[in-house]
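[1] Sequence first, then the predicted structure, then my questions.
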Amino acid sequence: MTRVIIKRIGVFVCHCGSNIKATVDTAAVVDAIQSDASVVHAAEYPYFCAEGGQQSIINAVHAHALDAVVVCACSPRMHEATFRKAATRAGLNPYFVEIANIREQNSWVHKNKEAATQKAVQLARAAIAKVKRAVPLFPGESAVTKRALVIGGGIAGIQSALDIAEAGFEVVLVERTPSIGGKMAQLDKTFPTLDCAACILTPKMVEAATHEHIVLHTYTEVEKVAGYVGNFSVTLRKRARNVDMQKCTGCGDCYAACPVKRIPNEFECGLSNRAAIYVPFAQAVPNVPVIDRERCAYFRSGKCGRCAEVCQPGAVNFTQEDEILTIECGIIVVATGYQLLSPDMFGELSYHDSADVITSLELERFMNAAGPTGGKLLRPSDKQVPRRVTFVQCVGSRDTTRGKPYCSKICCMYTAKHAIAIKEKYPDSDVEIFYIDVRTPGKNFDEFYRRAVEAYGVRYIKGQIGKVVTTGDKLHLQAVDMLEGRRYNTTTDLLVLATAIEPARGAKTLAQMLNTATDTNGFFSEAHPKLRPVESATAGVFLSGACHGPKDIPETVAQASAAAAKAIGVLVKPKLVTNPCIAQVNETQCNGCTICNAVCPYLALSRDGERGCTTVNAALCQGCGGCAAACPSGAVDLLGFSHAQIHAEVDALCLQPTTHANAAPIKHTNNAHGGTTDD
Amino acid sequence: MINIVAFCCNWCSYAGADLAGTTRLEYPPEVKIIRVPCSCRVDEQAVLRAFARGADGVIVCGCHPGDCHYSTGNVHTQQHMHTLFGLLEFMGMERQRMRLEWISAAEGAKFAATMREFVAQVAALGKNTRYGATLDSAYDNTHAIKLNSATIKEANHAVHEQILPHMRARAEEKLTSGAVARVLAWGSGAFDPSPAPMLFTDTKTLARMAYNPFCAANHSKYLIEASRESGRTLVFLRPCDAHNFARLVTENQIRRDAVCAVGIACGGCLLETCHTCAKIDHPMVDETIDIALTDRTAANPDARFADIEHLDGETPDARYAFWQAHLTRCIRCNACRNACPTCHCKTCIRDGSHPMEHLHFHITRAFHQAGRCTDCGQCGRVCPQRIPLHLLNRKHIQITEEEAAT
Amino acid sequence: MTTVMIERCMTCGRCSAACPVAFAMDVPPHFWAVRVRQGEGESLARAEAIWSCLACFCCAARCPRGVRPVELAEQARSVTLRKENHTATFADETVLQIISKKSGKAIPQQLIVAAMRKKRA
């Protein structure tokens, strides 16, 4: 870094109309700061931010051959950028501009003109002291790998992948299970329009699988993430399917032949069985089976191989092993979704004691024409159509003791949807819903809920169920009707629990790999709750769907597209411009103790084993300066806010002629802080 | 007129201060703000320097926990500032002159109110005449607090006697086989019976190897140099040495593969810190010699913070007098720094600072060990002026442990 | 801080649904926290319900927000008994004072059940 000795400083004191001038004697400030030998020009002006004011600064830079500029005006948060641009136009490095905030932090908060004027002089002196120790800074550049990685193949991941691919960038879509589709593929209908979930999802699944820019890796998990925005390197483990993707025709002979048949099917929530070689569901993409090695007789005992015998193209391959892939990508979209909270903690609801107590997702499968009962709602215990179905909401949601403190957001709506669907299918049935509050903020949501009540006669009861007892073929419910203020005991045939939703298994581990934050509930945290809702705190990592918090499908799709738009915004850039105010390591002082590495939230610092000192990754560093404060030997410094600059500001503010006598006015050197010898 | 330096993070507190301005909320002009990107950028030197140059109060403001623009910066700020403020308070600075406050960009009113309150609080104390740049060398030492340091108890010499032959045998074996090039152990000097660390390269000299209650030096620091020599170094580590060894390996100061670390039983030594030491484990060692014999019966770890609590019970004036009395005797020989196993910077940040800024030198020395110090007591042991420097380390250990407990 | 965090109650009704004697109560448990919150602790103390309470702690166990209605009943009982010059129990301040965070600790379940039995006998 070239050290420019700053000897000729221009100070510009702005009146801001009367905003500053009414409280600060600007002429006195101009007079006072000229005692500093480096100040070769000082001027005041009504509005330096105006075009004329900026021009006068530029003219002064030329006329007085200024090295640096100090503007005493409003907050740097307001016009620092303006004056830096003006300095650039005048041929100066933009970081040779410092602002003394004499409006927001002086004239607007003080009334005593004398005191405010004195403080303005001190603030100006601090800015002068700081700019004297400025070094020219230039934004860095880093390349962008034009490829996106999308983690999670549910509707969120599919939508993000399609949007990015449509913009012309290559996308790698990774899904942990054998098929993409996620939770939406398990659903029957969607609220509030009652579209069939599969009808709107499967075309997207196929599109994602066949898109020329999308590479699909199912049955694959992320093992390691390295790198930074623009240059991620992600290690994937593609688990062995033991079926050759190229050869398989998806005929299904193998799973028909498989002798191991009584394995609960995960996709059907265990309501039906699958074989050891299986596709999770009929519309699976890719439609290629996998062998469940834990259950497969061949893998357990070495005897069997029936699937291989019946497979005409010879796709079954018992010798296939897990494959490790490394993906280079510029951005990562996290779309890991959610899972349902287990109702284990709610023993009083008898989920484990009675087959007729089910979760809403299980109900989805019962209602689904492709489900275990072919779309007939049959009680699990006796396979009869239930005459009365009871729903209970907030099982584990809004529960600070046994569940989750948050509202799961979608349960009110899907319960109304279930109620309507049951009434549509079985108009004679009786549907009762126990709720705490019905929450329906969303387009056409409340209308939908009211339709359930008014058009379908669904009975909503404000209250909860305290105990469920099974007698014969009935479930006896001990409940309360709060509006009546009395106990309400009733019976039902089928009880459906709207269990809370929680982050998918492994979300925390993934967050650690990505070095991004999760909230107290384990959902991924956004960079800013209002203004950056789809970016994570880690540059280049975007959030899509329910991994970020409970969301319904339209919201998920909207966020997925938003994440894609943000991702495309990175991918289209030829180079990423980096903030020049980043950490810098003085290698002659650094002894590689790595104390600073532990402080960095961005993993921007690492120890170079060969040189034995810490190095800064300019693309990762965000310039917080924690490392500079943590380094005991002062070997790490922060450009733009260097030790020398901050200490000079401290001196300028404290070593005033008016300060008390005991503070010896020492002008000393502090070599350890980057050579402050130019006092 | 008093002078207050406020360090404000760019994203929350500085914006909060701007909002106080926009909404015209008055606060005293004594407050001058220095903008930093994040409150974690404020290093201890900036705060100490402010006090040294005559600031009467320092306030550090950051985003609320959880709201940090840099995700966890303010967590570090909190740790750093609590330790630093605790040390300053321990040395006699009034706590009311230092403050850490979380102020968001929306809290203009809180900013103004905090500043009004802080200025009033500091003004009530008056000007900071204490922690200016230099010490008052004519300070009257007779007012110093007398410490009730733990009584030096007998060390268990039997342990030392039992182990020494094994140490010699192990050293001889490894040197003869060529497994190591040298052995780092305590050896008796020609003129001084008090054993000092020595490098043995010849089996003939092993008779001079010593292990007794006078073996106070911590071996780990010597390994920094020794591990850079060619060939491996055999070293004998007691629990305290081993803890420092592990720390130095973690901080990449000792080349682990160049060291053959042998954990040995500790019978205690005549060091003050030894008598409150509870360490019995030997992290990261390769082999051990009779470590089960480690005897801590003479130690009283409960008394570890007794002196600290005694000093904390005194007034700031009395604490200040105590440290003045001690630190005016400091000759800046840097022995504390050289002996400290975790003091291993290439150049010290306080080199070149004013030679009379003893307070700030010692606060910095102690502060930089916060979270790393193993309480081995070398700093106090080697001080030729008998300044109880380990108390400063104990103080930040106490602060760190209290923070961890909450 | 008392463990009866009345402000946390969101009137879900799980307490009344769980309570084995709620059917026989004039004021079922889901009203209790609300009543005290609305400054009508006196009416709770006058209710028959607090004498129906079995101190079985079902309401406390099922509450999703950690409110312990059972302790409100016990406190109301104590106050009433004291006013009627019965032997004072462990809660020796008025209901409102207790729940206005003056009581320091949770009342142990055993103690409430034991006190309950003593009074009923």
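    Arrived safely, thanks for sending.
[2] count of neighbours near the nearest residue to residue B:297 once chain neighbours are set aside?
    Spatial nearest neighbour of residue B:297, chain neighbours left out: residue B:156 (7.4 Å); criterion: C-beta to C-beta, 6 or more residues apart in numbering or on different chains. Where you see a C-beta, it was placed from the backbone N, CA and C, and this is true even at glycine. Counted by other C-beta atoms under 10 Å in any protein chain shown, the residues lying close to residue B:156 total 20.
[3] Return the distance of residue B:156 relative to residue B:185.
    Separation of residue B:156 from residue B:185 (C-beta to C-beta, to the nearest Å): 19 Å.
[4] again, but for residue B:279
    For residue B:279 relative to residue B:185 (C-beta to C-beta), the value is 20 Å.
[5] These two - which one has more neighbours?
    residue B:185 (27 against 20).
[6] so that one sits right up against residue B:205, yeah?
    No - here residue B:185 lies out of contact with residue B:205, judged by C-beta atoms under 8 Å, at a distance of 10.5 Å.
[7] the helices in chain C, which residues?
    Remark: helices assigned in chain C by DSSP state H are C:14-18, C:32-37, C:41-46, C:49-52, C:58-62, C:69-83, C:95-97, C:109-120.
[8] With distance to chain B and mean pLDDT as extra columns, can I get these in TSV?
    Compiled in TSV, the helices of chain C are given as follows (distance: least, C-beta to the nearest C-beta, whole Å; pLDDT from 0 to 100):
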stretch	distance to chain B	mean pLDDT
helix C:14-18	31	93
helix C:32-37	29	89
helix C:41-46	35	85
helix C:49-52	39	85
helix C:58-62	28	90
helix C:69-83	28	81
helix C:95-97	30	38
helix C:109-120	28	57
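[9] Just give me the neighbour total for the nearest residue to residue B:24 once chain neighbours are set aside.
    In space, and not counting its chain neighbours, residue B:24 is closest to residue A:108: 5.6 Å by C-beta to C-beta, 6+ apart. Neighbourhood size, residue A:108 [other C-beta under 10 Å]: 23.
[10] for residue A:108, phi and psi?
    When read as degrees, to the nearest 10, the backbone of residue A:108 gives phi -80, psi -10.
[11] And it, how far from chain C?
    Applying C-beta to the nearest C-beta, to the nearest Å, the value for residue A:108 to chain C is 39 Å.
[12] next one: residue A:204
    According to C-beta to the nearest C-beta, residue A:204 and chain C sit 37 Å apart.
[13] Quick check: which element contains that residue?
    Assigned by DSSP states H and E, residue A:204 belongs to helix A:197-210.
[14] Can you give me the buried ones in that helix?
    Going by neighbour count (16 or more other C-beta atoms under 10 Å in any protein chain shown), the buried part of helix A:197-210 is A:197, A:198, A:201, A:202, A:204, A:205, A:207, A:208, A:209.
[15] related to what we said a few turns ago, could I get the contacting residues of the residue nearest to residue B:297?
    The contact partners of residue B:156, taken as C-beta atoms under 8 Å, 6 or more residues apart in numbering or on different chains, are B:267, B:268, B:295, B:297, B:298.
[16] same check, this time on residue A:33
    So residue A:33 contacts A:11, A:39, A:42, A:121, A:124, A:125, A:128 (C-beta under 8 Å, 6+ apart).
[17] So which of these wins on neighbours?
    Counting neighbours by other C-beta under 10 Å, residue A:11 leads the contacts of residue A:33 with 30 neighbours.
[18] How much space separates it from chain C?
    On the measure of C-beta to the nearest C-beta, residue A:11 and chain C end up 56 Å apart.
[19] Repeat that for residue A:428.
    From residue A:428 across to chain C, the span is 28 Å (C-beta to the nearest C-beta).
[20] and residue 21, what pLDDT?
    The chain I'm using is chain A. Here the pLDDT value assigned to residue A:21 is 95.
[21] could you do chain B instead?
    At residue B:21, pLDDT is 94.
[22] Any idea which residue of chain C lies closest to chain A?
    Among all residues of chain C, residue C:17 sits closest to chain A, at 3.0 Å; criterion: C-beta to the nearest C-beta.
[23] residues from chain C in reach of chain A?
    Within reach of chain A by C-beta under 8 Å from any C-beta of the partner chain, chain C has these residues: C:8, C:10-19, C:22-23, C:28, C:30-31, C:58, C:62-66.
[24] repeat that with 7 Å
    Contact residues, chain C versus chain A (C-beta under 7 Å from any C-beta of the partner chain): C:10-14, C:16-19, C:22-23, C:28, C:30-31, C:62-66.
[25] Mind giving me the ChimeraX command for buried ones among those residues?
    Applying 16+ other C-beta under 10 Å to the residues of chain C next to chain A, the buried members can be selected in ChimeraX as follows:
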select /C:11,12,13,14,16,17,18,19,22,28,30,31,62,63,64,65
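[26] burial count for residue 242?
    Answering for chain A, as no chain was given. 23.
[27] I was thinking of chain B, sorry if that wasn't clear
    The number of residues packed near residue B:242 is 28, by other C-beta under 10 Å.
[28] Which residue, other than its chain neighbours, is closest to it?
    residue B:282 (4.2 Å).
[29] Can you verify my assumption that the one you found contacts residue B:291?
    Yes - the criterion here is C-beta atoms under 7 Å, and residue B:282 meets it with residue B:291 at 5.9 Å.
[30] Between those two, which has more neighbouring residues?
    Counted by other C-beta under 10 Å, residue B:282 and residue B:291 do not tie: residue B:282 has more neighbours, with 26 against 21.
[31] what about the nearest residue to residue A:15 once chain neighbours are set aside, neighbour count?
    Closest residue to residue A:15 apart from its sequence neighbours, by C-beta to C-beta, 6+ apart: residue A:21 at 4.0 Å. Neighbours of residue A:21 under the rule other C-beta under 10 Å: 17.
[32] low-confidence ranges in the stretch 51-200 of chain B?
    The model of the stretch 51-200 of chain B has pLDDT under 70 over residues B:131-154, B:189-193.
[33] Going by residue numbers, what spans are helices in it?
    Counting by DSSP state H, counting those that start in this stretch, one finds helices in the stretch 51-200 of chain B at the ranges B:73-90, B:108-125, B:157-177.
[34] Contacts made by the second one with the rest, please.
    The one in question is helix B:108-125. A:109, B:2, B:4, B:13, B:16-17, B:19-20, B:22-23, B:25-28, B:30-31, B:56-57, B:59, B:94, B:96-97, B:99, B:101, B:103 (C-beta atoms under 7 Å, 6 or more residues apart in numbering or on different chains).
[35] Tell me which of the residues you listed fall in strands.
    Using DSSP state E, the members of the contacts of helix B:108-125 that fall within strands are B:4, B:31, B:57, B:59, B:99, B:101.
[36] Next up, the contacts around the last one.
    To tie it back to what came earlier, the one meant is residue B:101. B:59, B:61, B:114.
[37] ranking the helices of the stretch 51-200 of chain B by burial, who's on top?
    The highest average neighbour count among those, using mean count of other C-beta atoms under 10 Å in any protein chain shown, belongs to helix B:73-90 at a mean of 23.
[38] Can you list the helices and strands that that one packs against?
    For helix B:73-90, the packing partners by 3 or more C-beta pairs under 7 Å, 6 or more residues apart in numbering or on different chains; DSSP states H and E come out as helix A:626-630, helix B:44-52, strand B:57-62, strand B:98-102, helix B:358-367, helix B:390-405.
[39] Please find the angle between the direction vectors of the last one and helix B:358-367.
    By that I understand helix B:390-405. Interaxial angle, helix B:390-405 versus helix B:358-367 (axes from the mean of the first three to the mean of the last three C-alpha atoms, to 10 degrees): 50 degrees.
[40] Also the second one?
    Inter-element angle recorded for helix B:44-52 and helix B:358-367: 160 degrees (by the same axes, to 10 degrees).
[41] So which elements touch helix B:44-52?
    helix A:643-654, strand B:57-62, helix B:73-90, helix B:358-367.
[42] closest to residue A:232 out of those?
    With C-beta to C-beta, the closest approach to residue A:232 among the helices and strands packed on helix B:44-52 belongs to helix B:73-90: 23.7 Å.
[43] Understood, closing this out.
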